[in-house]
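Visitor: only geometry, no sequence info:
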């Protein structure tokens, strides 16, 4: 036996804490696997209810046997447990997820983070959402947190999403947005599925219903059945994010075994236009590690606020390509997609982004006063019908004074398609109010 293996081998004379769940065993590469030299311990329970439905053995049985055998010679029993658990791991892997490390060739798995527009619809039972439940983005934040503090704050709000497709299933990630169980994830996570359930970080599971989804925006809202008191995440304003900001991702890369994985990085780009299957998406780019199973999980700022939903990564389409693509992950910005989320909750579908119908720019007058000026008016838009003209200065929206375009966008976030917004306009020395009906960009 090598010195390395001697160091890794569990010592019989030392009392060891039995792991709650052993999900991956490694044995030396030989024809007869006689020794267990290393193992991985899951720090929190796996989804117990569902695990028992598919596992061919009850982990509690071998756990009790191990405790009794500790007084005697234990190694023959451990060797037998290795074989049983290896079989269980293979079965669970086949049932729950696609673990192929070759991301571009991951088939039809709903947890694919590469081919996000290979949609097949879904027949998950529906749930009528409560229009009073709304996703809001906070512009303020507390002090910067350490990585450990970020994980402690956000991980309880991150769930494992298991979408069942007939006899099989696949794994993605979701984010709890309300205590009564409204959950955000990607539409491609549930694509083609006929049922779905989620597991909290504690291992508690809930069946879920589908509130609504939109394939073109790659967003879905789920509702945990009979859920109460769930830990909701805090959502920040992604418009405040800058290149170089520290960010974190939490999710389930490659499925259940590595659930609750924390990775970190920076924001590599904002408002990045990415062409995906002929559709242009405006995304946050990050070098935080993302893999299959991270889909639908949170991109988190240094204050523990969710500012994006991890959606896709770039990877080599050709396994024989000379250059390796690394560190190119992308997330849907929360300050944009919350329109989609709130519409899905209220109506079950997305009717489009509400638009005023003007192109504006921030400027400063000769006497140093900042203002928002109208550059162009879209023909046929709500602003056009209300009489807004190019060259107008917008002083306020819904009574809120404006000094930059971000202020106008902030007011628009409080409205949906069909709502009215009151603009206070200055033109040729006169000030007057104009009521504009917001139209859909679709």
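Guide: Noted; the coordinates are in hand. Here the structure is a predicted model, which is why all the values come from computation and not from measurement.

Visitor: can I assume residue 288 is in contact with residue 263?
Guide: Yes - in this structure, residue 288 is within contact of residue 263 by CB atoms under 8 Å, at 4.9 Å. Quick note: C-beta positions are derived from backbone N, CA and C, even for glycine.

Visitor: where do the contact lists of those two overlap?
Guide: Shared contacts of residue 288 and residue 263 (CB atoms under 8 Å, 6 or more residues apart in numbering): 248, 249.

Visitor: who's more crowded, the two?
Guide: Comparing residue 288 with residue 263 by other CB atoms under 10 Å, the one with more neighbours is residue 288, at 23 against 19.

Visitor: residues near residue 264, how many?
Guide: Applying other CB under 10 Å, we find 17 residues neighbouring residue 264.

Visitor: Actually, residue 398.
Guide: Neighbours of residue 398 using other CB under 10 Å come to 13.

Visitor: Who are the contact partners of it?
Guide: By CB under 8 Å, 6+ apart, the contact list for residue 398 reads 411, 414, 421, 422.

Visitor: Now render the residues you listed as TSV, adding neighbour count and distance to residue 184.
Guide: Putting the contacts of residue 398 into TSV (neighbours: other CB atoms under 10 Å; distance: CB to CB, whole Å) gives the following:
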residue	neighbour count	distance to residue 184
411	18	24
414	14	20
421	21	26
422	13	31
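
Visitor: Just put these in JSON lines and tack on secondary structure and pLDDT.
Guide: Compiled in JSON lines, the contacts of residue 398 are given as follows (DSSP: H, G, I helix; E, B strand; the rest coil; pLDDT from 0 to 100):
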{"residue": "411", "secondary structure": "helix", "pLDDT": "87"}
{"residue": "414", "secondary structure": "coil", "pLDDT": "78"}
{"residue": "421", "secondary structure": "strand", "pLDDT": "94"}
{"residue": "422", "secondary structure": "strand", "pLDDT": "95"}
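
Visitor: Just name the closest of these to residue 385, please.
Guide: residue 421 (13.1 Å; CB to CB).

Visitor: bridging residues for the closest one?
Guide: Taking DSSP bridges, one finds residue 436 as the beta-bridge partners of residue 421.

Visitor: for the one 4 residues further on, same thing?
Guide: Residue 425 has the following beta-bridge partners by DSSP bridges: residue 394, residue 432.

Visitor: Hmm, it is touching residue 396, no?
Guide: No - contact between residue 425 and residue 396 fails when scored by CB under 8 Å: they sit 9.1 Å apart.

Visitor: Just say helix, strand or coil for residue 153.
Guide: Secondary structure assignment for residue 153 (DSSP: H, G, I helix; E, B strand; the rest coil): helix.

Visitor: Repeat that for residue 221.
Guide: strand.

Visitor: Which residue, neighbours along the chain excluded, lies closest to it?
Guide: Closest residue in space to residue 221, ignoring its immediate chain neighbours: residue 211 at 4.1 Å, by CB to CB, 6 or more residues apart in numbering.

Visitor: residues in contact with the one you found?
Guide: Here residue 211 is in contact with 126, 127, 128, 129, 182, 221, 222, 223, 344, 345, 348 (CB under 8 Å, 6+ apart).

Visitor: Okay, strands next: where are they in the stretch 51-200 of the chain?
Guide: 158-165, 168-176, 182-185, 195-199 (DSSP state E, counting those that start in this stretch).

Visitor: Helices along the protein, start to end?
Guide: Along the chain, counting by DSSP state H, helices occupy 3-8, 48-54, 59-69, 75-96, 147-154, 334-347, 382-386, 405-412.

Visitor: Tell me the spacing between the residue most central in space within the chain and residue 427.
Guide: In the chain, the C-alpha nearest the mean C-alpha coordinate belongs to residue 297, at 2.0 Å (CA atoms, centre = their mean). Distance, residue 297 to residue 427, using CB to CB, to the nearest Å: 48 Å.
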